[in-house]
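A.B. asks: Quick one, structure for this:
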Amino acid sequence: MIYRERVERPDGAGSRSPSAAFTPGKSEAFTLIELLVVVAIIAILAAILFPVFAQARAKARQAYDMNNLKQIGLAFLQYAQDYDESVVPYAVRAGGGSTLNNRYWFGLSWSASLAPYNTAPHTEAPCPSASCTVHLDPNDGLLSPYMKNTGLFDDPSAQDLTPAFTNWRNGERVPAYSVYPVLFPDLRVDDPAAFPPVYSLADLEETANTVLMTDGAWLSGATVVRSIFIRAPFDVPSGMDWGPAGFSTRAHGRHPGGVANVLWADGHVKATKPIFRPGAAFDARRARNLGELSPVPLPDDIAAGDPNIPRYNYYFSLNKTTGI
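C.D. replies: Numbers count the residues shown, from 1 in each chain. Modelled structure (predicted):
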């Protein structure tokens, strides 16, 4: 026999059993106020944590980019060791001004209509424009024997930038790293007499203070475009002040804090903040973190004969005294 305890009601209106006082499986619902409080707490936590997560992702991309440049720097030094300390050319061209059959430091350019690049899987490569006549093979560049991973050319922070060459299939694989063209000669095999000087590491007074390449870009209207070259603030031989030039490429501070990763000629990589000329003519570039590399502030205009040119050009000059 089962006995059930009876509970007297305070008002004397009768009694009830404990089982009648609580029904298993049923609970009181949240009130609207309680739900609003929970939603508000979640919103506050999201507002605090989401920017932290975004910043962490940006720092991870910067570290990835820095590692890429470090590996490219090691390949550069290995090439120099194999070729009597000579700096790798930007390109060895077949001649005639053609963009075809040129071997760049980052790959080989070939006609997109000729074998093997006119068949799959090469034809599946992205084409940045309506028609691509050139195919870039990133596995056949001057530095390819020293680095087997073509992913080293990919800066994840530059994926949204317009490719440097829009008529190249695989054009987005052209590195977003800009090289200093004085150090990286552009050679033509059909005209050796027109060769620019080919420098060796021994020609550099301070390899640790000489720019090899950097995160670079230039501004075309309102569009930030990947760039293959980076310029010194003032070109002494030509008397050209690259600052006001609209097409002049810049160091692109696309990482947290507005910094650009810079590979120096001794192989080390350092995050460096570009500097900006003060005039209003540079506002559009400043807004996009497109600046220059110099250890000292730069004026709006640099005239030939300015005694500060060696300081302006310090990070680019082979001779730190003359600024050339």
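A.B. asks: Quick one: list the elements packing against the helix of greatest length in the chain.
C.D. replies: In the chain, with assignment by DSSP state H, the single longest helix is helix 32-82. Counting contacts by 3 or more C-beta pairs under 8 Å, 6 or more residues apart in numbering; DSSP states H and E, helix 32-82 packs against strand 177-179, strand 211-220, strand 260-264, strand 269-272. The way it works is simple: take the backbone N, C-alpha and C, and place the C-beta from them, glycine included.
A.B. asks: rerun at 7 Å
C.D. replies: For helix 32-82, the packing partners by 3 or more C-beta pairs under 7 Å, 6 or more residues apart in numbering; DSSP states H and E come out as strand 211-220, strand 260-264, strand 269-272.
A.B. asks: quick check: mean pLDDT across that helix?
C.D. replies: In this model, helix 32-82 has a mean pLDDT of 89.
A.B. asks: starting at the chain centroid, how far to the helix or strand following it?
C.D. replies: Downstream of helix 32-82, the first helix or strand assigned by DSSP states H and E is strand 91-93. Distance of strand 91-93 from the chain centroid (C-alpha atoms, centre = their mean, to the nearest Å) equals 24 Å.
A.B. asks: Equivalent analysis for stretch 259-276, please.
C.D. replies: On C-alpha atoms, centre = their mean, the centre of stretch 259-276 falls 12 Å from the chain's centre.
A.B. asks: and it, which residues are buried?
C.D. replies: Judged by neighbour count (16 or more other C-beta atoms under 10 Å), stretch 259-276 contains these buried residues: 259-265, 267, 269, 271-272, 274-276.
A.B. asks: of all the residues you listed, which comes closest to residue 106?
C.D. replies: When these are compared for distance to residue 106 (C-beta to C-beta), residue 263 wins out at 13.5 Å.
A.B. asks: That closest one touches residue 73, doesn't it?
C.D. replies: Yes - in this structure, residue 263 is within contact of residue 73 by C-beta atoms under 7 Å, at 4.9 Å.
A.B. asks: Give me the common contacts of those two.
C.D. replies: The contact sets of residue 263 and residue 73 overlap at 212, 269 (C-beta atoms under 7 Å, 6 or more residues apart in numbering).
A.B. asks: pLDDT score for the residue lying closest to residue 229 once chain neighbours are set aside?
C.D. replies: Excluding its sequence neighbours, the residue lying closest to residue 229 (C-beta to C-beta, 6 or more residues apart in numbering) is residue 181, at 5.0 Å. On pLDDT, residue 181 comes in at 88.
A.B. asks: if I look at residue 181, how far off is residue 89?
C.D. replies: Taking C-beta to C-beta, to the nearest Å as the measure, residue 181 falls 10 Å from residue 89.
A.B. asks: more crowded one of those two?
C.D. replies: residue 89 (21 against 16; other C-beta atoms under 10 Å).
A.B. asks: Isn't that one up against residue 188?
C.D. replies: No - using C-beta under 7 Å, residue 89 is not in contact with residue 188, being 10.3 Å away.
A.B. asks: How is the protein divided into domains?
C.D. replies: With domains defined by automatic domain parsing, the chain comprises 93-173, 176-324.
A.B. asks: now those as a markdown table including distance to residue 29?
C.D. replies: Converted to a markdown table, the domains of the chain look like this (distance: least, C-beta to C-beta, whole Å):
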| stretch | distance to residue 29 |
| --- | --- |
| domain 93-173 | 47 |
| domain 176-324 | 45 |
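A.B. asks: Of all the ones you listed, which one comes closest to residue 84?
C.D. replies: Of the domains of the chain, nearest to residue 84 by C-beta to C-beta is domain 176-324, at 6.7 Å.
A.B. asks: how distant is that closest one from the center of its chain?
C.D. replies: With C-alpha atoms, centre = their mean as the basis, domain 176-324 stands 16 Å off its chain's centre.
A.B. asks: End to end on that domain, go ahead and measure it.
C.D. replies: 25 Å (C-alpha to C-alpha, to the nearest Å).
A.B. asks: I figured residue 198 hits residue 84, correct?
C.D. replies: No - Residue 198 lies out of contact with residue 84 (C-beta under 7 Å); the separation is 10.0 Å.
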